[in-house]
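S.K.: when you get a sec, could you give me coordinates for this:
(one chain, ligands or ions: 1)
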Amino acid sequence: MPKIPDEVVKRVIDRAKIEDVVGDFVTLRKAGVNLTGLCPFHDDRTDGNFIVRPSTIPARRGGNTYHCFVCMRRGGGGGPVDFLMKHERLSFPDAIRWLGKKYSEPVDDVPVNYTPPPPRPKPAPLPVLEIPRPYVGRTMEIATERTVVFIYWLRGLPWDDEQKARLQQTLWMYCVGGWKDGRVVFWQIDHNGIPRAAKLMKYLPDGHRDKQAHPGWIYNQDGCRQQLDPDKHEIMKPLFGSHLLSRYPKAVINIVESEKTAIIMANYYGNHDAQIWMACGGLKFLQLDSLQPLIDQGRTIWLWPDKDGRDDWQEVCDKLGYDKCRVYTHFFDTCWTPADGDKADIADIAIRMMRTGEGPRKDTGTKSRGQVRDSLAKNQATCPPDSSTAKPDNVTDEEWANHLAIMKAIGDYEIIHPGSEPFMPEDEMADPRLRWMRDTLRHIKTNHKLYGNQKK
Ligand SMILES: [Zn+2]
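M.R.: Below you'll find the model as predicted:
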């Protein structure tokens, strides 16, 4: 039998997508970035053991592979060809021929038994991931300028006195959290007040993102993954700042690309009753369905793309066909200068205006970064830590164990403020961070508890 030329093998392998190939034999459903279904190689009754990392994920991060936690303990899993060889008991050349037929890549004249599988019914969706609120409070407790580089940088910006005074509240308002390794945690809490996702980002002291480090998601972090079990859930990613909608029912919604920009602009203007700032996480992440809650509430939406993103967002706006949504370019048109560069986002321009004293805000002078930092330290809201580790009387053993597990997963810091009531009396809320979170979230009508186990 003639050998298949290497370049043909390569061409077929390059075309083959694991999600298509496995999907021909197994009903797959979305689970986070992965897909899951019942493992065809063992007697599997639950989703979540058999994981397909789709071809959209880069190969160096395990894309285009499958594995099963149960039957692949001793190594195994693999790519599309491995799956086919094992599942259809094909030799390597026959697996290549099979894939050649599937993807209409000519291989050779040797016949192979390929019948396209019938279309599969759509599987029922998985439950949407809900992250218990104690995770939010926990990350907020460890978000200080000493622990989180982003907050350190943010405090060092040349805010005027008013802006400086409200910066801490702005951070609380967005429930900005910290991680034990210095990353910032941007919570994505939906309009009903349910935490759905949290993005962990590494910033450099100059305020730029560390491009070497990919953004992480809280449900993939060690310790959290086991508890949150993302593979058995659908992951929803509401717009950053969605939890503010019901607190500010009349505000115009400004949507920007990055969380950093949303926080800076929110603090820059500080008129939350009139306008709130939300972020979609990037130019390409402005999705029609994430805008639906805003449309349901009849809100006015202004889209603030970065300079190079106007066309993309205009297209989204056109597709939306919602007459209260428009692309807002006035700020750019009036404030952008060539020195800002074509990649500038609105926060870059706002910061430049703060530094040079142009625009609506006055400069804080020519203080050095250190002086600014010192003066900030004096004005900083103080958040006395409560290092009590005793179980309060009103908390059940189960709730307490759950609380301790979360605290342990998020960081090796002292344990503070457990409790089980939805909103604790004022005197128990000694920590202003938690008080702020409570105030932010109490405008949301929900049965979920601030602390303790969530009841469905
Ligand atoms: Zn298996």
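S.K.: looking at the protein, which helix or strand is least sure?
M.R.: When the helices and strands of the chain are scored by mean pLDDT, DSSP states H and E, helix 369-379 comes last with a mean of 33.
S.K.: any buried residues in the host helix or strand of residue 138, and which?
M.R.: Using DSSP states H and E, the element containing residue 138 is helix 133-141. Within helix 133-141, the residues that count as buried by 16 or more other Cβ atoms under 10 Å are 133-141. No exception for glycine: its C-beta is placed from N, CA and C like everyone else's.
S.K.: do the same with stretch 346-361
M.R.: For stretch 346-361, the neighbour count (16+ other Cβ under 10 Å) marks 346-354, 359, 361 as buried.
S.K.: likewise stretch 9-24?
M.R.: By 16+ other Cβ under 10 Å, the buried positions in stretch 9-24 come out as 9, 11-13, 15-24.
S.K.: report the two of those residues separated the most.
M.R.: Pairwise distances across these (Cβ to Cβ) peak at 22.3 Å, for the pair 9 and 23.
S.K.: return whichever helix or strand comes after the helix holding residue 138 as PDB; C-alpha atoms alone will do.
M.R.: Next along the chain after helix 133-141, taking DSSP H and E as the criterion, comes helix 149-155. What follows is helix 149-155 as a C-alpha-only set of coordinates in PDB (Å, rounded to 0.1, in the frame of the first residue of the first chain):
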ATOM      1  CA  VAL A 149      -0.400  46.600  41.400                       C
ATOM      2  CA  PHE A 150      -3.400  48.000  39.400                       C
ATOM      3  CA  ILE A 151      -4.700  49.800  42.500                       C
ATOM      4  CA  TYR A 152      -1.300  51.100  43.300                       C
ATOM      5  CA  TRP A 153      -1.100  52.600  39.800                       C
ATOM      6  CA  LEU A 154      -4.600  53.900  39.900                       C
ATOM      7  CA  ARG A 155      -4.000  55.800  43.200                       C
END
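S.K.: pLDDT averaged over helix 149-155 - what is it?
M.R.: The average pLDDT within helix 149-155 is 89.
S.K.: about what we covered before: which secondary structure elements does the helix holding residue 138 contact?
M.R.: Contacts defined by 3 or more Cβ pairs under 8 Å, 6 or more residues apart in numbering; DSSP states H and E place helix 133-141 against strand 177-178, strand 184-189, strand 195-201, helix 397-410, helix 432-441.
S.K.: neighbouring strands for the second one, and are they parallel or not?
M.R.: Sheet neighbours of strand 184-189, with direction, are listed as strand 177-178 (antiparallel), strand 195-201 (antiparallel) (DSSP bridges).
S.K.: what's the average pLDDT for the first one?
M.R.: For strand 177-178, mean pLDDT rounds to 90.
S.K.: again, but for the last one
M.R.: When the per-residue pLDDT values of strand 195-201 are averaged, the result is 94.
S.K.: show me the contact partners of that strand.
M.R.: 128-133, 135-136, 139, 150, 177, 179, 183-190, 209, 213, 215-219, 221, 235-238, 259, 281 (Cβ atoms under 8 Å, 6 or more residues apart in numbering).
S.K.: give me that answer again for 7 Å
M.R.: For strand 195-201, contacts defined as Cβ atoms under 7 Å, 6 or more residues apart in numbering pick out 129, 131, 133, 135-136, 179, 183-190, 209, 215-218, 235-238, 281.
S.K.: can I get it in PDB, CA atoms only?
M.R.: What follows is strand 195-201, C-alpha atoms only, in PDB (Å, rounded to 0.1, in the frame of the first residue of the first chain):
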ATOM      1  CA  PRO A 195     -21.600  37.000  40.400                       C
ATOM      2  CA  ARG A 196     -21.100  35.100  37.100                       C
ATOM      3  CA  ALA A 197     -17.400  35.400  36.400                       C
ATOM      4  CA  ALA A 198     -14.300  37.300  37.500                       C
ATOM      5  CA  LYS A 199     -11.400  38.200  35.300                       C
ATOM      6  CA  LEU A 200      -7.900  38.200  36.900                       C
ATOM      7  CA  MET A 201      -5.500  40.600  35.200                       C
END
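S.K.: follow-up on the earlier one: buried subset of the contacts of strand 195-201?
M.R.: For these, a burial check counting by 16+ other Cβ under 10 Å picks out 129, 131, 133, 135-136, 179, 183-190, 216-218, 235, 237-238, 281.
S.K.: make sure residue 168 is indeed in a strand.
M.R.: No. Residue 168 is assigned helix when assessed by DSSP: H, G, I helix; E, B strand; the rest coil, not a strand.
S.K.: what residues does the stretch 201-350 of the chain have near the ion?
M.R.: Nowhere does the stretch 201-350 of the chain come near the ion, counting by Cβ under 5 Å from the ion.
S.K.: compute the inter-axis angle for the helix holding residue 138 and strand 184-189.
M.R.: Interaxial angle of helix 133-141 relative to strand 184-189 (axes from the mean of the first three to the mean of the last three Cα atoms, to 10 degrees): 150 degrees.
S.K.: mean confidence for helix 133-141?
M.R.: In this model, helix 133-141 has a mean pLDDT of 82.
S.K.: going forward, the N-terminal residue is numbered 491.
M.R.: Will do, 491 is the new start, and the previous item becomes helix 623-631.
S.K.: from the chain's centre, how far out does it sit?
M.R.: Computed by Cα atoms, centre = their mean, to the nearest Å, the chain-centroid distance of helix 623-631 equals 15 Å.
S.K.: CA atoms of it as PDB?
M.R.: Extracted in PDB, the C-alpha atoms of helix 623-631 (Å, rounded to 0.1, in the frame of the first residue of the first chain):
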ATOM      1  CA  ARG A 623     -21.000  36.200  47.000                       C
ATOM      2  CA  PRO A 624     -18.400  35.500  49.700                       C
ATOM      3  CA  TYR A 625     -15.900  35.100  46.900                       C
ATOM      4  CA  VAL A 626     -16.600  38.800  46.000                       C
ATOM      5  CA  GLY A 627     -16.200  40.000  49.500                       C
ATOM      6  CA  ARG A 628     -13.100  37.900  50.000                       C
ATOM      7  CA  THR A 629     -11.300  39.400  47.000                       C
ATOM      8  CA  MET A 630     -12.300  42.900  48.000                       C
ATOM      9  CA  GLU A 631     -10.800  42.400  51.400                       C
END
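S.K.: ok, residues contacting stretch 509-529?
M.R.: Applying Cβ under 7 Å, 6+ apart, the set of residues contacting stretch 509-529 from outside is 530, 534, 537-545, 547, 556, 558, 560-561, 570, 573-574, 577, 607, 610, 613, 616, 720-725.
S.K.: same thing but 6 Å
M.R.: By Cβ atoms under 6 Å, 6 or more residues apart in numbering, the surrounding residues in contact with stretch 509-529 are 530, 534, 537-544, 556, 558, 570, 573, 577, 607, 610, 613, 720-721, 725.
S.K.: PyMOL command for the buried members of those residues?
M.R.: Of the contacts of stretch 509-529, the buried ones can be selected in PyMOL as follows, counting by 16+ other Cβ under 10 Å:
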select buried, resi 530+534+537+538+539+540+541+542+543+544+556+558+570+573+577+720+721+725
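S.K.: quick check: residue 557 touching residue 567?
M.R.: Yes. Counting by Cβ atoms under 6 Å, residue 567 is a contact partner of residue 557 at 3.0 Å.
S.K.: brilliant, that's me finished.
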